[in-house]
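1. next one to model:
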Amino acid sequence: MNPSVNGLRCPVVAGNFPVSRPRRLRRSDALRHLVAETRLDVANLVAPLFVREGIDEPQPIDSLPGVVQHTRDSLRAEVSELASLGIGAVILFGVPSTKNSIGSNAFDPEGIVQLCLADLAGDVGDRVVLMADLCVDEYTDHGHCGVLDGPADDPNTSVDNDATLEIYGRIAVAQATAGAHVVAPSGMMDGQVEAIRTALDTAGFSSTAIMAYSAKYASALYGPFRDAVDVTIASGGNRKGYQQDYRNVREALVEVDADLAQGADIVMVKPALSYLDVIAAVRAHVNVPVAAYHVSGEYAMLKAASANGWIDHDAVAVEHLTAIKRAGADVILTYLARWFAETQQ
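-> The predicted structure is shown next:
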């Protein structure tokens with residue numbers, strides 16, 4: 001006789017009993033871990049780090065709890081600790097003391113990022129991949145990612161794509177000379193990867209890799225990052241004229257194909273959580289490593305909700321990172337890198 005639960009008969013005889021019971025493999029932590037399809041590894045994480053010129057001690061960033069603008073010395077200490085935790089890479093963003101119309105501190109051999117790359121190359125060598133963001137928005141007095149074709153306060157002014165490429169080439173060579181293993185162009189200029197690859201090869205840096213921000217969207221999730229690098233876009237402007245429209249996916253594949261044809265070694269999607277479908281589409285489209293940037297706004301929302309007691313920080317943080325990995329990202333840039341590495345110790 002078949003048993004019953006709440007008056008419902010429970011079939012147990014052959015032919016009626018469900019042979020497939022996925023719950024069998026969910027009954028314990030050990031079983032769930034054994035058959036997990038997606039695994040996070042600290043070696044696949046990249047820690048974004050900010051270094052500011054002219055400060056004597058690290059400066060907290062209010063909108064990015066737990067993140068600071070480093071001094072040159074505190075950056076060295078931080079990267080050394082990240083290396084000991086097994087973090088795969090760091091990516092540097094500079095905050096200069098002075099800015100100008102072309103962002104010349106971005107390619108100055110004595111610029112803050114170049115000095116720090118040289119420090120880190122001596123400190124950690126190849127134990128941590130040294131990446132450098134390659135753009136000028138942190139360095140320009142107008143906050144755009146390139147040279148302008150007119151006055152910054154003129155609403156008809158736009159970024160001069162081709163004039164910007166020459167500057168990107170100079171930045172790439174300066175960063176590679178200082179010790180960058182990977183340069184990461186984020187400006188979304190047409191032809192930027194080719195210009196950078198040509199400049200690097202011509203200068204003798206053919207082994208320096210390029211991680212292209214191939215599908216970088218003009219997102220509203222970058223606010224805390226702009227606080228971190230002291231960027232205000234001139235005249236209340238935006239970057240919709242050169243970064244991608246959030247409504248488009250196929251366009252991302254066009255950008256990815258162009259970057260790969262021009263010599264990119266890694267392609268990136270940014271932001272991550274709001275664009276998981278794009279990450280998945282890119283992963284299915286290419287055979288090179290795919291990176292995704294878990295951006296400042298995504299991190300800040302997690303921290304704010306946690307601070308208010310609305311969510312379990314640790315559980316949601318792991319869920320976020322796992323979702324990005326599950327969507328197809330091989331490499332994740334995240335402000336959670338150190339936290340996650342420490343939880344694995």
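2. check the gap between the spatially closest residue to P271 that is not a sequence neighbour and P48 for me.
-> Residue nearest to P271 in three dimensions, not counting chain neighbours: V295, with 4.3 Å by C-beta to C-beta, 6 or more residues apart in numbering. Glycine gets a C-beta too; all of them are placed from N, C-alpha and C. As judged by C-beta to C-beta, to the nearest Å, V295 and P48 stand 9 Å apart.
3. look at those two and report which has more neighbours.
-> Taking other C-beta atoms under 10 Å, V295 and P48 do not tie; V295 has more neighbours (26 against 23).
4. which parts of the stretch 201-345 of the chain are helices?
-> 223-228, 250-262, 276-285, 296-307, 313-327, 337-343 (DSSP state H, counting those that start in this stretch).
5. S206 is nearest to which of these?
-> Nearest to S206, of all these, is helix 250-262, at 14.6 Å by C-beta to C-beta.
6. just confirm the residue nearest to P271 contacts Y275, I think it does.
-> No - counting by C-beta atoms under 8 Å, Y275 is not a contact partner of V295; they are 9.9 Å apart.
7. okay, the closest residue to T232 other than its chain neighbours and V159: tell me how far apart.
-> Once flanking residues are discounted, T232 sits nearest to G143: 5.3 Å by C-beta to C-beta, 6+ apart. For G143, the distance to V159 equals 11 Å [C-beta to C-beta].
8. circling back: list the residues that contact the residue nearest to T232.
-> Neighbour list for G143: D137, R226, V231, T232, I233, A234, G237 [criterion: C-beta atoms under 8 Å, 6 or more residues apart in numbering].
9. recalculate using a threshold of 7 Å.
-> By C-beta atoms under 7 Å, 6 or more residues apart in numbering, the contact set of G143 is D137, V231, T232, I233, A234.
10. of those, closest to F107?
-> The shortest approach to F107 among the contacts of G143 belongs to D137, at 14.0 Å (C-beta to C-beta).
11. hang on, isn't the closest one packed against T232?
-> No - with contact defined as C-beta atoms under 7 Å, D137 does not reach T232; the gap is 10.2 Å.
12. so between the two, which is more surrounded?
-> D137 (23 against 12).
13. what's the burial count for the closest residue in space to that one that isn't next to it in sequence?
-> Ranked by C-beta to C-beta, 6+ apart and with sequence neighbours excluded, the top spatial neighbour of D137 is C145, at 4.7 Å. By other C-beta under 10 Å, 25 other residues sit near C145.
14. then R27?
-> R27, neighbours per other C-beta under 10 Å, totals 9.
15. one step back: dump the helices of the stretch 201-345 of the chain to JSON lines, plus mean neighbour count, mean pLDDT and distance to P109.
-> Output for these, formatted as JSON lines (neighbours: other C-beta atoms under 10 Å; pLDDT from 0 to 100; distance: least, C-beta to C-beta, whole Å):
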{"stretch": "helix 223-228", "mean neighbour count": "20", "mean pLDDT": "88", "distance to P109": "24"}
{"stretch": "helix 250-262", "mean neighbour count": "17", "mean pLDDT": "97", "distance to P109": "26"}
{"stretch": "helix 276-285", "mean neighbour count": "19", "mean pLDDT": "98", "distance to P109": "35"}
{"stretch": "helix 296-307", "mean neighbour count": "18", "mean pLDDT": "97", "distance to P109": "29"}
{"stretch": "helix 313-327", "mean neighbour count": "18", "mean pLDDT": "98", "distance to P109": "36"}
{"stretch": "helix 337-343", "mean neighbour count": "17", "mean pLDDT": "97", "distance to P109": "28"}
